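*Asks:* my questions are about this predicted structure, shown below with the sequence.
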Amino acid sequence: MTTLLDLLDGSPALIALGEPTHGESAFLQVRNDAFLTLAEHGCRSIALESDRAAGLLADEFVRGGDVPLDRVLADGFSHGFGAAPANRDLLLRMREWNAVRPAAQHLRFHGFDAPLEIEGAPSPRRHLTGVCDFLDLDLSTEIDDLVGDEARWSDPSAIWEAGRSVGRSTDAQRLRVLADDLVTELYLQAHRRSVGWPEALVHATSAVALLRYHAAAAAPLDQEERFARLAGVRDALMAENLLAIRAVEAHRGPTLVFAHNAHLQRQPSTMTMGTTTVSWAGAGAIVGALLGERYRVVVGSLGASPALGIGVPAASTYEGRLQQRGDLPGYVPATDIGPAERRTHDHRYFPLDQATIDHADAVLHIPTGVDATVLADRIGALPGVEQVVASEENGSPEGAWGDRFFYVGADRRQPFATIVEHDVPGFDEAGQLDRPGVFRLNLDLGRVEFERAFGFAPKEFEEHPDDFDHARLDTLTPHPGYALHGFAGIVMPGPQMLPEIDRLLAIAYGRAVDRHERATGRAAHRRD
């Protein structure tokens with residue numbers, strides 16, 4: 001089977017791993033595993049579709065900085081990506097890697113997006129003042145006078161109506177000159193201010209990027225041309241950032257890049273607006289043209305996503321053909337994928353087409369995302385299993401409504417598996433299950449399997465209070481409340497974990513069947 005490691009042949013600079021939609025956690029979870037595998041083979045950095053300047057805070061954290069994780073998740077990502085549980089795990093896994101390795105092997109985190117949204121962009125104020133603080137320059141009054149009211153910059157209508165944009169005003173033009181002068185001043189001062197200089201340069205170039213974007217927003221173009229121009233400018237800024245990141249990482253092995261397929265594919269990106277199809281060069285098209293074979297692309301493909309309401313694809317589509325290769329995520333060489341039909345595009349998912357495949361090195365296909373219902377169906381398919389869903393009607397406490405309990409036998413004495421989506425204050429809060437979309441599968445492993453998995457018996461769990469991160473995804477940990485009884489749990493297991501889940505589930509189910517058969521035998525004996 002093809003792996004990402006196969007793409008390391010030929011000394012690539014950038015290995016791009018794409019996702020066809022945002023919001024399906026499975027891609028991020030597979031990405032995390034892939035990055036740590038690549039790290040074992042010399043990859044030392046990752047770049048995400050997130051603001052580069054914000055990413056400085058995330059990088060400080062993974063390098064061991066004394067900054068709270070909650071703050072990093074709030075301020076170290078843009079576009080709300082800090083709320084994704086898998087991004088929390090990525091930062092922690094990188095920090096743990098760095099803590100036990102020499103500096104030469106440390107992993108670095110980068111964002112490569114500009115500090116803007118597609119429908120809005122702030123002023124460059126905070127970036128300019130940050131650079132001035134670094135250079136000990138007091139230009140705050142001039143900057144404040146030129147920026148003025150922040151609302152005139154961040155107004156969403158300014159992106160779609162040229163006349164409302166300040167991007168080509170006299171103030172904006174003067175700010176562009178000031179920002180450019182600050183970049184020059186940074187280089188003039190580099191020999192005396194090397195500590196913190198790279199971070200200051202990121203803020204300076206972020207200010208320049210914002211001013212470029214606002215200038216593009218002020219161009220008098222019709223709606224379709226306007227969208228293509230702004231999308232193209234954003235991708236050009238992404239490409240510039242990727243090349244700058246490579247300049248930093250050139251001596252430390254390749255960089256894994258993770259973003260939407262549309263930003264990473266080698267061919268131009270397109271979008272239909274009404275009856276018009278607009279096109280622009282994405283970051284991947286730009287970087288691919290400049291780096292040639294040193295830029296490798298794996299595009300993401302998705303079968304079904306319960307989280308996003310995306311159903312199973314038709315068998316005649318590219319995704320449908322890939323579904324037939326198996327139930328687990330896998331990498332398929334692009335040359336092995338033949339012609340097929342294009343899946344319907346409904347703005348939740350950008351489907352594969354022949355052009356995307358022709359310009360890719362490989363495709364990562366994920367047959368399905370995994371949510372609580374997918375796991376419940378998997379457990380419920382076992383013979384004799386009964387599912388009880390906690391609700392007001394069956395007298396369950398409100399905090400447990402929606403949690404699932406699985407039994408063998410009608411007596412329902414002890415569940416062998418549960419799927420819970422809520423913290424229990426004062427008892428079970430370590431899993432942080434109150435995060436949106438987060439759930440945990442709990443399984444009764446018994447003493448033997450529990451000890452095999454964790455190296456100590458269930459009764460010894462309280463001697464290991466700090467050994468486990470119970471909120472981490474894709475990781476088997478002792479149950480925070482029921483470990484003493486041999487229970488373990490996995491928070492949001494991704495599709496790559498389904499074989500291990502089936503193995504553990506067989507153990508828990510087998511124990512339940514044995515208990516039920518013994519209880520049935522005892523009852524029959526009493527009747528006799």
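*Replies:* Perfect, thanks for sending it. Please read these numbers as outputs of a predicted model, since none were measured by experiment.

*Asks:* any idea how far W280 is from the nearest residue in space to P329 that is not next to it in sequence?
*Replies:* The shortest distance from P329 to any non-neighbouring residue, by C-beta to C-beta, 6 or more residues apart in numbering, is to I366 (4.7 Å). In short, each C-beta sits where N, CA and C put it, glycine included. If you measure I366 against W280 using C-beta to C-beta, to the nearest Å, the figure is 27 Å.

*Asks:* how many neighbouring residues does W153 have?
*Replies:* The number of residues packed near W153 is 22, by other C-beta atoms under 10 Å.

*Asks:* quick one: contacts for L175?
*Replies:* P124, L128, I143, L146, V147, A207, L211 (C-beta atoms under 8 Å, 6 or more residues apart in numbering).

*Asks:* the longest helix that the chain contains - contacts with which helices or strands?
*Replies:* In terms of residue count, the longest helix belonging to the chain (DSSP state H) is helix 498-527. Counting contacts by 3 or more C-beta pairs under 8 Å, 6 or more residues apart in numbering; DSSP states H and E, helix 498-527 packs against helix 372-380, strand 404-408, strand 417-420, strand 440-444, helix 446-454.

*Asks:* now these as CSV including mean pLDDT, mean neighbour count and distance to A219?
*Replies:* CSV is the format used below for those (pLDDT from 0 to 100; neighbours: other C-beta atoms under 10 Å; distance: least, C-beta to C-beta, whole Å):
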stretch, mean pLDDT, mean neighbour count, distance to A219
helix 372-380, 96, 16, 47
strand 404-408, 96, 23, 54
strand 417-420, 98, 24, 52
strand 440-444, 98, 26, 50
helix 446-454, 97, 16, 60
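
*Asks:* nearest to D6, of the ones you listed?
*Replies:* Closest to D6 of the helices and strands packed on helix 498-527 is helix 372-380 (C-beta to C-beta; 29.5 Å).

*Asks:* what is the mean pLDDT for the very next helix or strand once past that closest one?
*Replies:* Next helix or strand after helix 372-380 toward the C-terminus (DSSP states H and E): strand 385-389. Taken as a whole, strand 385-389 has an average pLDDT of 95.

*Asks:* with just CA atoms, put strand 385-389 into PDB.
*Replies:* Provided in PDB are the C-alpha atoms of strand 385-389 (Å, rounded to 0.1, in the frame of the first residue of the first chain):
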ATOM      1  CA  VAL A 385     -27.000  -6.700  22.000                       C
ATOM      2  CA  GLU A 386     -29.500  -4.200  23.300                       C
ATOM      3  CA  GLN A 387     -29.000  -0.500  23.300                       C
ATOM      4  CA  VAL A 388     -30.500   1.900  25.800                       C
ATOM      5  CA  VAL A 389     -30.300   5.700  25.100                       C
END
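
*Asks:* neighbouring contacts of that strand?
*Replies:* 376, 379-380, 394, 402-410, 412, 509.

*Asks:* how about T272, what does it touch?
*Replies:* Taking C-beta under 8 Å, 6+ apart, one finds V278 in contact with T272.

*Asks:* that one: what secondary structure?
*Replies:* Secondary structure, DSSP: H, G, I helix; E, B strand; the rest coil: T272 is strand.

*Asks:* ramachandran coordinates for the nearest residue to D353 once chain neighbours are set aside?
*Replies:* Excluding the flanking residues, the one nearest D353 by C-beta to C-beta, 6+ apart is R342, at 5.0 Å. Per-residue torsions, R342: phi -90, psi 130 (degrees, to the nearest 10).

*Asks:* show the pLDDT at R342.
*Replies:* The predicted local confidence for R342 is 95.

*Asks:* from G111, how far off is A207?
*Replies:* Counting by C-beta to C-beta - A207 and G111 are separated by 16 Å.

*Asks:* now do R522
*Replies:* Look at R522 and G111: by C-beta to C-beta, they are 62 Å apart.

*Asks:* the two: which is more packed in?
*Replies:* Per other C-beta under 10 Å, whichever of R522 and G111 has more neighbours is G111, with 28 against 10.

*Asks:* show me where the stretch 101-250 of the chain has its helices.
*Replies:* Counting by DSSP state H, counting those that start in this stretch, the stretch 101-250 of the chain has these helices, from start to end: 125-135, 140-147, 151-154, 157-160, 170-189, 197-217, 223-249.

*Asks:* what helices or strands is the longest one leaning on?
*Replies:* Right, the one you point to is helix 223-249. Applying 3+ C-beta pairs under 8 Å, 6+ apart, one finds that helix 223-249 makes contact with strand 45-51, strand 108-113, helix 157-160, helix 197-217, strand 255-260, strand 269-273, strand 276-280, helix 283-291.

*Asks:* pLDDT of that helix, averaged?
*Replies:* Rounded mean pLDDT across helix 223-249 is 94.

*Asks:* number of residues surrounding the spatially closest residue to A114 that is not a sequence neighbour?
*Replies:* Among residues not flanking A114 along the chain, L237 sits closest, at 4.1 Å (C-beta to C-beta, 6+ apart). As a burial measure, L237 scores 24 neighbours (other C-beta under 10 Å).

*Asks:* before we move on, what about H516?
*Replies:* Neighbours of H516 using other C-beta under 10 Å come to 19.

*Asks:* check contacts around it.
*Replies:* The contact partners of H516, by C-beta under 8 Å, 6+ apart, come to G384, V408, G409, D411.

*Asks:* next one: the first one from E517, what distance?
*Replies:* Noted for G384: a distance of 10 Å to E517, by C-beta to C-beta.

*Asks:* over to the third one?
*Replies:* Going from G409 to E517 by C-beta to C-beta gives 9 Å.

*Asks:* those two - which one has more neighbours?
*Replies:* More neighbours surround G409 than the other of G409 and E517, with 17 against 12 (other C-beta under 10 Å).

*Asks:* which one of the contacts of strand 385-389 is nearest R52?
*Replies:* G402 (39.3 Å).

*Asks:* neighbours of the closest one, how many?
*Replies:* 15.

*Asks:* just to be sure, it is in a helix?
*Replies:* No. G402 is assigned coil when assessed by three-state DSSP, not a helix.

*Asks:* now do the closest residue to it other than its chain neighbours against H470, distance only.
*Replies:* Counting by C-beta to C-beta, 6+ apart, G402 lies nearest to E421, which is 5.7 Å off, once chain neighbours are set aside. Taking C-beta to C-beta as the measure, E421 falls 15 Å from H470.

*Asks:* name the single longest strand found in this protein.
*Replies:* strand 295-304 (DSSP state E).

*Asks:* name the helices or strands packed onto that strand?
*Replies:* So strand 295-304, by 3+ C-beta pairs under 8 Å, 6+ apart, packs with strand 14-19, helix 25-39, helix 261-264, helix 283-291, helix 318-323, strand 362-368.

*Asks:* next one: the fourth one to chain centre, how far?
*Replies:* I take that to be helix 283-291. The chain centre lies 23 Å from the centre of helix 283-291; the measure is C-alpha atoms, centre = their mean, to the nearest Å.

*Asks:* who's in contact with that helix?
*Replies:* 13-14, 16, 112, 235-236, 238-239, 242-243, 259, 263-269, 295, 297.

*Asks:* one more time with 7 Å
*Replies:* 13-14, 16, 235-236, 238-239, 242-243, 263-268, 295, 297 (C-beta atoms under 7 Å, 6 or more residues apart in numbering).

*Asks:* which helix or strand in this protein has the lowest average pLDDT?
*Replies:* When each helix and strand of the chain is scored by mean pLDDT, DSSP states H and E, strand 269-273 comes last, with a mean of 82.

*Asks:* name every strand pairing with it and say which way it goes.
*Replies:* strand 276-280 (antiparallel) (DSSP bridges).

*Asks:* and the residue nearest to G402, what does it touch?
*Replies:* By C-beta under 7 Å, 6+ apart, the contact list for E421 reads A372, G402, D403, L433, F439.

*Asks:* right, I'll leave it there.
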